[in-house]
Structures are given as structure tokens and as C-alpha cells.
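[1] Have a look; sequence and predicted model below, questions after that.
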Amino acid sequence: MLPQSAPKTHIEPGVKVVIDDRTYTARHNSVLGREGTIAADYFDKFNTVSRVHAKFTKDGGRWFVTVPAAVANSTMLDGVEMKRDQPYPIVGEHILKMSDQCVVRLTL
């Protein structure tokens, strides 16, 4: 008799970041901003977006987005201002407003 295999688990490779009509995959420690690891050339045109504006982390199988303390401008997640250095869980789809001119969509 063959041993039963363990059930397959879907592991999400990262957070989908949708900017205009392009989709990027954010992985653990990916950064959005003018000097970020994702679409830095896009964010570079916004002087209201910090060099390191938002960071993605994965902890305990869950994804989070955090705005560092050094970010000067208000950053909104689903219409609520984000507190600095506080990780916010990413569940489903979210709107991240990095400035009045710069809005991106986050999805799992």
C-alpha cells in the first residue's frame, strides 16, 4: 500500500502590486518608493512619494505593508491613514494611496 501524500497547500509567492496597467510581485522586504525595489522609475516622478515609502513583509504566513517612520506625507490604506512603523495585514484587495497623485492597488 502506498503512503498517502500530504494535501497540497497553495503558497502565495507575494503581494500583487497594480500600478496603472502593470502588475508587479512584491516579495518579503520589497519596497515601494522613489528608491524602492518595485517600479522605482514610476514613483520617481512623484516628489510627494518618499524614497522608501512602504515596505512589504511576510510573517507567520501572512503578508503586511508598513510605512516607515521617516515618511513625511500621509499614506492611506483603504481610506484610513496608516500609522508609521505599524504593519498592516494584507488580506484580499486594498487601495494604497501614497499621495494625492499616486495610488496603487494591492492584492493577494
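    That came through, no problem.
[2] just the strands in this protein please.
    For the chain, the strands defined by DSSP state E cover 15-19, 22-26, 31-32, 54-59, 62-66, 76-77, 80-81, 88-89, 93-99, 102-107.
[3] The nearest residue to residue 18 once chain neighbours are set aside pairs with what?
    Leaving aside its chain neighbours, residue 18 sits nearest to residue 105 (4.1 Å; criterion: Cβ to Cβ, 6 or more residues apart in numbering). From N, CA and C alone the C-beta is placed, and that goes for glycine too. Beta-bridge pairing for residue 105 (DSSP bridges): residue 18, residue 95.
[4] how about the strands of the chain, which one is nearest residue 47?
    strand 93-99 (8.8 Å; Cβ to Cβ).
[5] List of residues touching that closest one?
    For strand 93-99, the external contacting residues (Cβ atoms under 8 Å, 6 or more residues apart in numbering) are 32, 43, 46, 48-49, 53-54, 65, 73, 75-79, 103-108.
[6] Then stretch 25-33?
    13-17, 36-40, 43, 49-58, 96, 98, 104, 106.
[7] hmm, 6 Å instead?
    14-15, 17, 37-38, 43, 49-58 (Cβ atoms under 6 Å, 6 or more residues apart in numbering).
[8] Deepest in the core, which of the strands of the chain is it.
    strand 31-32 (a mean of 25; mean count of other Cβ atoms under 10 Å).
[9] mean confidence score for that strand?
    Strand 31-32 carries an average pLDDT of 98.
[10] same thing with stretch 93-107?
    96.
[11] Low-confidence bits of the chain, can you list those?
    Residue ranges of the chain with pLDDT under 70: 1-12.
[12] Enumerate every residue touching residue 66.
    Counting by Cβ under 6 Å, 6+ apart, residue 66 has contacts 55, 87.
[13] Okay, residue 23 and residue 81: tell me how far apart.
    26 Å (Cβ to Cβ, to the nearest Å).
[14] can you check residue 101 too?
    Residue 101 is 17 Å from residue 81, by Cβ to Cβ.
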